[in-house]
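**Q** here's a sequence, model it:
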Amino acid sequence: MTLYKNSNELDQLSLGKPTEYCSTYNPSLLQGVPRSLNRDGLNIEAQNLPFKGEDVWYGYELSWLNSKGKPVVAVAEFRFDCTSPSIVESKSFKLYLNSFNQSQFESFAEVERLLTKDLSNTSGCNAVVSLFPVDTCEALEIAKSTKTKCIDEIDIEINEYDINPSLLVNCNKDNYVEDRQLVSHLLKSNCLITNQPDWASIYISYSGNEIDEAALLKYLISFRQHNEFHEQCVERVFTDIQQHCTPEKLTVFARYTRRGGLDINPFRSTESIKAPALRTLRQ
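**A** As a prediction, this is how the structure comes out:
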């Protein structure tokens, strides 16, 4: 972890430091964190990623004033391709969104345009921003999948709560499965800087030799005292499963609970597909 935990880039972040809140539009509040700080430790090269995917964020506390001074509220969807050079640091993101509160804008379209421009500049990619009225965001309807198996009821004994990839035992070579869909709601990690807990449901879909589900559950629980950003945890899960279980196809999608009006939902896959609309009850 020292590869990025002690880096100069993290020292410069506002995360974990006293903050003054700004309520007038201020894009300079946004801060980026290079993805390479984590990927170097996983031996992932920017030009040869072992996955495709995106980070999907939802903002629930976005508001501004219209041209007559009347407040407007919206739900926002933000999408960042996993090939972007940087992630947007979440506290700076919250402070930036808060800066819209007392600023006047002509329309949803103007706010959407500014959000797109500022977030693209910070992440280094073409961010995709969509704004919705608070009662009509179809992507945030609570969804259930009858094909997904929850592995949380498996009776296991575990005393390891710091990340341990060796818990992923060998796959069952005699049992090939197609499009197996698993979920665990027991994923917990901690913020790299503040040590605050991060909670998530993690969806794992794969085709290939059957993965030992008790071993997988133990591995996911071993993140419980692990300190890392959301996106980094998901890439670690993806690369560890890929290395130890060698599936032919693999998708990992974590739905994190919101903090400060934002939830972060990293999606990584061997396939060229977009993150599905899948809101959980805890979100």
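**Q** what's the closest non-adjacent residue to residue 223?
**A** Counting by C-beta to C-beta, 6 or more residues apart in numbering, residue 223 lies nearest to residue 189, which is 4.7 Å off, once chain neighbours are set aside. Just so you know, the C-beta spots here come from the backbone N, C-alpha and C atoms, and that holds for glycine as well.
**Q** pretty sure that neighbour contacts residue 232?
**A** No: the criterion here is C-beta atoms under 8 Å, and residue 189 misses it with residue 232 at 9.1 Å.
**Q** sorry, back to before: what pLDDT does the residue nearest to residue 223 get?
**A** At residue 189 the predicted local confidence, pLDDT, stands at 94.
**Q** what number of residues lie near it?
**A** 23 (other C-beta atoms under 10 Å).
**Q** helix or strand right after the host helix or strand of it?
**A** Secondary structure assignment for residue 189, by DSSP states H and E: strand 172-190. Proceeding N to C from strand 172-190, the next assigned helix or strand is strand 197-210, under DSSP H and E.
**Q** what strands flank that following strand, and is each parallel or antiparallel?
**A** Paired neighbours of strand 197-210 in the sheet (DSSP bridges): strand 172-190 (antiparallel), strand 249-256 (antiparallel).
**Q** in the last one, what's buried?
**A** It stands for strand 249-256. 250, 251, 252, 253, 254, 255, 256 (16 or more other C-beta atoms under 10 Å).
**Q** likewise the first one?
**A** Along strand 172-190, these residues count as buried under the neighbour rule (16+ other C-beta under 10 Å): 180, 182, 183, 184, 185, 186, 187, 188, 189, 190.
**Q** what of stretch 157-170?
**A** 163, 164, 167, 168.
**Q** and which of these is nearest residue 227?
**A** Lowest distance from residue 227 to those (C-beta to C-beta) belongs to residue 163, with 9.5 Å.
**Q** tally of neighbours for residue 74?
**A** A count of nearby residues for residue 74, using other C-beta under 10 Å, gives 20.
**Q** so it sits against residue 108, correct?
**A** Yes: with contact defined as C-beta under 8 Å, residue 74 counts as touching residue 108 (6.8 Å).
**Q** mutual contacts of these two, please.
**A** Shared contacts of residue 74 and residue 108, defined by C-beta atoms under 8 Å, 6 or more residues apart in numbering, are found at residue 131.
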